[in-house]
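Colleague: With the input below, show me the fold.
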Amino acid sequence: MSVKDYENRARFSEKRIIRFQNKVLDFYRKRGRVFPWRNIRDPYAILVSEVMLQQTQVDRVVPKYLEWLKRFPTVSSLACAPKGEVIKAWQGLGYNRRALHLKRAAEVIATKYKGKVPRTLEELQSLPGIGPYTSGAIAAFAFGMNLPFIETNIRTVFIHFFFRGKKKVRDEEILELVVRALPNKVRLLSRHKVELCSVREWYNALMDCGAMLKRAVGNVNTCAAKYAKQSAFKGSRKEIRGAILRRATEKEKVTLADFKEHQTKFSVPEIFSELASEGFLRKIGEDFTLA
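Modeller: Numbers count the residues shown, from 1 in each chain. The predicted structure is shown next:
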């Protein structure tokens with residue numbers, strides 16, 4: 001153990017970690033949220049929820065998640081679905097690349113893993129659109145694996161409780177505490193008793209506590225070294241991309257002329273070509289259709 005590790009251990013004692021665990025769990029057991037993906041064990045359904053929740057508010061995800069599972073209830077149904085149908089089903093969630101990533105992931109799972117979502121982090125991260133956070137979340141929620149990972153709400157909780165007032169908090173510092181706070185053989189000490197806590201419950205508790213803190217105290221993630229303010233969506237190139245794709249799901253064809261009013265600010269032909277090269281649109285003559 002390095003000198004820095006010893007310093008951090010001294011600063012964040014086991015008693016402090018236990019008090020933190022109890023506060024988070026007490027909050028969750030009294031005021032925890034209910035979502036359709038929380039009481040299931042189907043790895044595919046959990047994969048869908050985690051991809052949808054990337055950069056999208058929960059209240060927007062819930063209805064789309066339920067609709068998606070009715071339309072594509074299994075890995076094979078998504079893998080075999082036409083790309084255009086998948087893109088249409090995704091409309092309203094934004095960041096449309098995730099729809100194609102999810103379909104490609106289903107295709108890989110169907111062919112390479114015989115329809116079963118892989119269990120290891122390495123295999124999960126080899127799937128399209130699956131990074132360190134999403135793979136950790138799937139491992140925890142689908143398979144009960146006691147592994148550390150960080151997302152925005154988890155980062156919020158640890159910064160609020162352990163790094164209040166500090167600037168440029170690195171994820172490495174937070175991750176050490178995430179590891180130390182993980183349920184150890186599903187046991188957490190509380191008032192000299194042993195309480196059961198699964199890794200699923202613990203991460204749900206962290207995320208709900210983080211969501212509450214964002215409403216109560218504001219965005220403490222501005223203190224994180226990784227923090228970067230998002231650029232405005234309104235009037236952006238990203239908004240035009242979304243508008244073109246949405247029009248393509250509504251009409252038989254979409255043309256450059258449909259978006260000529262945006263030509264002064266953006267290269268509309270370039271955006272159309274980009275969407276076609278990414279697999280969203282197909283060019284037919286001078287017009288475009290949904291892929």
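
Colleague: rest of the way, CA atoms for contacts and neighbours
Modeller: OK.

Colleague: shaky segments in the stretch 1-150 of the chain?
Modeller: 1-10 (pLDDT under 70).

Colleague: switch to 90 and redo it
Modeller: Counting by pLDDT under 90, the stretch 1-150 of the chain has low-confidence residues at 1-15, 18-19, 22, 39, 55-56, 94-96.

Colleague: cool, and the stretch 151-291 of the chain?
Modeller: Scanning the stretch 151-291 of the chain for pLDDT under 90 picks out 164-167, 183-198, 217-291.

Colleague: For stretch 259-279, measure first residue to last.
Modeller: 20 Å (Cα to Cα, to the nearest Å).

Colleague: Pretty sure A142 sits against R41.
Modeller: Yes - here A142 lies in contact with R41, judged by Cα atoms under 8 Å, at a distance of 5.4 Å.

Colleague: Same drill for those two, tell me which one is more crowded.
Modeller: Just comparing A142 and R41: by other Cα atoms under 10 Å the higher neighbour count belongs to A142, 21 against 13.

Colleague: The more buried one: helix or strand, and which one exactly?
Modeller: In this assignment (DSSP states H and E), A142 forms part of helix 132-143.

Colleague: can you give me the helices in the protein?
Modeller: 3-11, 14-31, 43-52, 58-71, 75-80, 83-90, 97-112, 121-125, 132-143, 152-162, 171-181, 199-217, 237-250, 268-277 (DSSP state H).

Colleague: Check which helices and strands the helix holding A142 sits against.
Modeller: Packed against helix 132-143 by the contact rule (3 or more Cα pairs under 8 Å, 6 or more residues apart in numbering; DSSP states H and E) you find helix 43-52, helix 121-125, helix 199-217.

Colleague: looking at the ones you listed, which is buried most?
Modeller: Across those, averaging neighbours per residue (mean count of other Cα atoms under 10 Å) puts helix 43-52 on top, at a mean of 21.

Colleague: Packing partners of that one?
Modeller: If you count contacts as 3+ Cα pairs under 8 Å, 6+ apart, helix 43-52 packs onto helix 58-71, helix 97-112, helix 132-143.

Colleague: How much space separates R155 from I17?
Modeller: 15 Å.

Colleague: Next: E85.
Modeller: With Cα to Cα as the criterion, E85 and I17 are 48 Å apart.

Colleague: Dump the helices and strands packed on helix 43-52 into JSON lines; add distance to I46 as well.
Modeller: Formatted as JSON lines, the helices and strands packed on helix 43-52 follow (distance: least, Cα to Cα, whole Å):
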{"stretch": "helix 58-71", "distance to I46": "10"}
{"stretch": "helix 97-112", "distance to I46": "12"}
{"stretch": "helix 132-143", "distance to I46": "6"}
